[in-house]
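J.: generate a structure from the sequence data that follows.
(chains A and B)
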Amino acid sequence: MNFFTGSIAFLLSGILLSVSGCDKKGSLPSSSMQEKPENAMYVYTLKGSSTVSSYDEAMAVACIQGILNRDGIHLYVLSNTLNKPSYWLDKFMARGWLAGKEQVPVSSFEQLLELTKTKLKGVIIWDTEVPATMNVATTLAGLEDALVLSPDMANTYLEKLGLPVIKDFRGVFTGVETGSKKNDAYRWAIREFLETGRCNPHWLYLYEDSYMTRHKGNVGYVVTRDWAVYNRGFVYDLSPWGDETPLDDPGQALGTDLQTYKLMLEAVLKLTKGQQMTEVAGFFSFPKYSNIEGYPSKHDPVPTEWETVYQISPYNCYQNTVAHNCFNQSIHSQAPQKQMKQGRPQLRAPENGKTYISILMADYDSATPLYEFMPTHWEDKARGSMPFLWGINPNLSESYPDIMQYLYETKTDNDFFAADASAAGYMNPNRIDPAYLPLFIRHNKKFYEQWDMSLSPMVLDTDEPSPAVKDAFVEFSPDGFATIVIDFQNAGGKLPEPHIWKGMPVIELINNAGNFYNAEQTAREMSVSIPASKDEIPQYYFFRIIWTSPNQVISAINRLKEIRPELDIEVIDAYNFFHFFKTTHQENNK
Amino acid sequence: MKRIRLYFLPFFLGLFVFYSCELDNYDYPDAALTGSIIDSETNELIESDIINGTTIKLIEHGYDPVSPQYLRVKNDGTYANTLLFSNTYTVQPDQRNFLQIDEQEVKIGKDTQLDFRVTPYIRVKDAKIVKEGNNIIATFRLQQTTPDAVAKIGLYAHSQSIVGEPVYLIAAEIALNRQVTGEETFKVAINVARNTALLKPNQSYYFRIGAVSSIAGAKFNYASAQLINVGEISPEIEPEGTSFDKCESTEGWAGGDGDPTLDSDNPQEGNHSVRFQSGGGFIIQKNFGQPVNANVGLEYGVLQFHLYISDVSVINWDWPGQIEITSSGNPDSQELHWNFMSQLRLRNGWNKVVLKLSEAEVSGGNIDLAAINFFRIYHLDVQGPVEIKIDNMKFYEEY
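T.: Okay, the predicted model is just below:
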């Protein structure tokens, strides 16, 4: 197009646009109810506004979704404000296991109720004055195939639905048992749902209740509840600390939350009987239980995370920590499970005088990082130009197998995978009762084999691994074991000396460059960990870098090479890294 | 090519302008929407700021796509727009200082009124603004309606009634970043004498108390502005305050080499000061048998005393000596402390030490300012003998 015709086209198109913009007769399409064909799925979009009613709507939709999807792929939920549900839907409709699946949009909540109410057996009304009842109601909804409604929603919909009220929690919990309405609610639920064996003990859901969230329409831990309902899991929100009352219940006797927490864990352990481990999905509430700006506490967030893991590990429980905004787990989980292969690089031999570095692209140990953060980093164009080990806890395949398969299917020859925090689930291995270590091995072996993993690059504990723990890891992680030890218990915990345990290298994962701000800072933090050495023996440094894109890490490595020109730095894949370390260690300890 | 463009461009521009004229022939706006933002519990208007305050989003039906219109709510919590076209609109508050409510469809005609009954993030209760001496002092309580921390409180002054956080001549603000209870009384003050460039004597100004929640995007909540004449401004005099220790007795004092003594040579107040002699580093302290109520708050409280040092050159000012007050009877618990290195500049002889409580660091939990029972001053890196005297310790508030 030359300039003349281009000018005409531009001006004409401007006029046409002006005309169309002034058409006052245009209108939005009307919607009508549509039954879906057998092979189709309903697609419902949450309002996502910052209102109480949006929150209540999301709660009800999660119940419907969890119940419906138990029988197949029936209801997918999108969000007006968050794009990952549509991102993953597009991905799996285009080339994945949902290809060909017909979508039937549902245009209103009323329509959704009308289409699905025959699958619901009743209604549970929670007490907005006792936020814990929202979690208790979610648990009961899974057990009874029921819809959880706030009192406001019950006023609007109960009559229209014509469903029986299975339980109305308003005014039920008065604090008569423990002095705390919150703890009365959970203790009642423990007796009714766990001690009776009604809940599935493979799942505990640490989902933040409405106290800090409902008034803002923050549905981060509401949209996840389809997964709890689907699995008939127990939902709770308690403080792991016994030395400080929580923000949401300052009048409780000191330690009441923790006592209830332990009652719950004991009840779950009795149900699992050492036959299976339990995933605790979800994270503690930062403002309620830890020290963040505006909400002073004795305990910072990281110690609170560690305390949670410290408390739950003896009960064969492991964390899937950050799990908010994880939509549609009741659908993704139904993707066919596959045995995946990641392949192995050709093993080489270390060279004298080298400084070997390997990078763990870390902290995809929980659902939100995998579902929400990973796409940004994975789509980085620089991926593949440097070898990286991506830390993804393989137990996440219980909720998002399709996402993990997508990563395996789109990996380059320089992308490798290993478990992230601890193993197939974030726990403190030293805290597991020796009697349950065979269960621990069985559990991890299953996931490591499914995902072709043989490295454990970030075992988190309060002390160096015991011989029994190392023996356990040798069974499923023979190619390497790296650890971060933080002695939060002040019990004299320390890092292990680098060594080889029954053929398995045991080293430290260096944590000081974990948070990436810019290439310069990360390079300098890495440099601090690398002492000056004129030794000809090869040196080994294994770094953790959290939620960062390949091009940023590559920039940091390049900068490190500039500020440490005396070093002959080579970044190598983790398999060769552990193999080199083992070779060097054995040669120098003959 | 250039010439051709010159020939044709006016033609098309003419078409465009002609078409634009046709656009302007639509009817004049014939509808109006007015209303108020009302506290659903107290039925009072929820005040805001005309700039950077509450706005209401309107989406006119019948267009796709359509750009939303935004109405500004006035300071007093009312709003009006008389330049709308009759139609159905989707209406919802946008920027706000209250909990969001659902959007609603409203048919807007000639005189449509729409009030929003909502819950403010914070209610400013029992607001009083008075002039005391050279100070304009606001006292008030806050009622949080959500568990979110209160980020900041402030007192704002301006010659116009639209005074607020975005529009002020002078402001006094305190960062809270914590939850508050309904029983707490807050005090924020503006010292007129120190701001005569902005506040002129005998002139009237609007003063308004504000508070903002830590909820993301929250706008300020306010009490109503008050018109106050700042009156005459008198010369600043040192407040009498509350005596901490007049230093007319050595009871409770310890430290230095040997026992402390009373000294009558040039006392700064009364007849004596308390004197200590040290051959080097010193730890001087007083345990109060009867706790002292300082009668000050953390925000504006000041600890003042006179300190005599015979030779400051023997003191290593880079060593982190401290001055401490506690309500635990011991150091390091329920303590406020100030560092020598960063907060004191002393000379030989008598020095007036003025320490703002708001600039102190906290150790071992919060101090009870109504029951202070321990004072300590120490410095351990002193390279020679030194004589130290302390006199006239007191607390007062300074704005």
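
J.: all contacts plus neighbour counts: C-alpha atoms, from now on.
T.: Noted.

J.: strands along the stretch 401-550 of chain A, start to end?
T.: A:415-418, A:455-461, A:480-485, A:499-501, A:504-508, A:539-546 (DSSP state E, counting those that start in this stretch).

J.: any stretches of chain A with poor pLDDT?
T.: Chain A contains residues with pLDDT under 70 at A:1-34, A:534.

J.: give me the domain ranges for it.
T.: With domains defined by automatic domain parsing, chain A comprises A:122-332, A:354-588.

J.: of the strands of the stretch 401-550 of chain A, flag the one that's most buried.
T.: Across the strands of the stretch 401-550 of chain A, averaging neighbours per residue (mean count of other C-alpha atoms under 10 Å in any protein chain shown) puts strand A:455-461 on top, at a mean of 27.

J.: quick one on the thing from earlier: which one of the domains of chain A lies nearest to chain B?
T.: Closest to chain B of those is domain A:122-332 (C-alpha to the nearest C-alpha; 4.2 Å).

J.: and the strands of the stretch 401-550 of chain A as CSV, adding distance to chain B?
T.: Converted to CSV, these look like this (distance: least, C-alpha to the nearest C-alpha, whole Å):
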stretch, distance to chain B
strand A:415-418, 37
strand A:455-461, 29
strand A:480-485, 28
strand A:499-501, 42
strand A:504-508, 35
strand A:539-546, 26
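
J.: dump these to CSV, plus distance to B:Ile56.
T.: Listed next are the strands of the stretch 401-550 of chain A as CSV, based on distance: least, C-alpha to C-alpha, whole Å:
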stretch, distance to B:Ile56
strand A:415-418, 50
strand A:455-461, 50
strand A:480-485, 51
strand A:499-501, 66
strand A:504-508, 56
strand A:539-546, 41
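
J.: nearest to B:Ser40, of those strands?
T.: Closest to B:Ser40 of the strands of the stretch 401-550 of chain A is strand A:539-546 (C-alpha to C-alpha; 46.2 Å).

J.: which secondary structure elements does the closest one contact?
T.: Applying 3 or more C-alpha pairs under 8 Å, 6 or more residues apart in numbering or on different chains; DSSP states H and E, one finds that strand A:539-546 makes contact with strand A:354-364.

J.: quick one: strands adjacent to the strand it packs on?
T.: The pairing partners recorded for strand A:354-364 under DSSP bridges are strand A:388-392 (parallel), strand A:539-546 (parallel), strand A:568-571 (parallel).

J.: what's in contact with the first one?
T.: Looking back up the chat, that one is strand A:388-392. The contact list for strand A:388-392, computed with C-alpha atoms under 8 Å, 6 or more residues apart in numbering or on different chains, reads A:358-366, A:370, A:414-421, A:457, A:572-574.

J.: residues touching residue 318, list them.
T.: With no chain named, the answer covers chain A. A:Tyr318 makes contact with A:277-280, A:309, A:312, A:425-427, according to C-alpha under 8 Å, 6+ apart.

J.: not what I meant, chain B
T.: B:Met341.

J.: just the one 5 residues further on next, same as before
T.: Contacts for B:Ile323 were tallied using C-alpha under 8 Å, 6+ apart; they are B:337-340, B:375-378.

J.: which phi and psi does it have?
T.: phi -120, psi 130 (degrees, to the nearest 10).

J.: roughly how far does it sit from chain A?
T.: 25 Å (C-alpha to the nearest C-alpha, to the nearest Å).

J.: for that residue, which non-adjacent residue is closest in space?
T.: Nearest non-adjacent residue to B:Ile323, counting by C-alpha to C-alpha, 6 or more residues apart in numbering or on different chains: B:Ile377, 4.4 Å away.

J.: what strand or helix carries the one you found?
T.: Element membership for B:Ile377, per DSSP states H and E: strand B:372-379.
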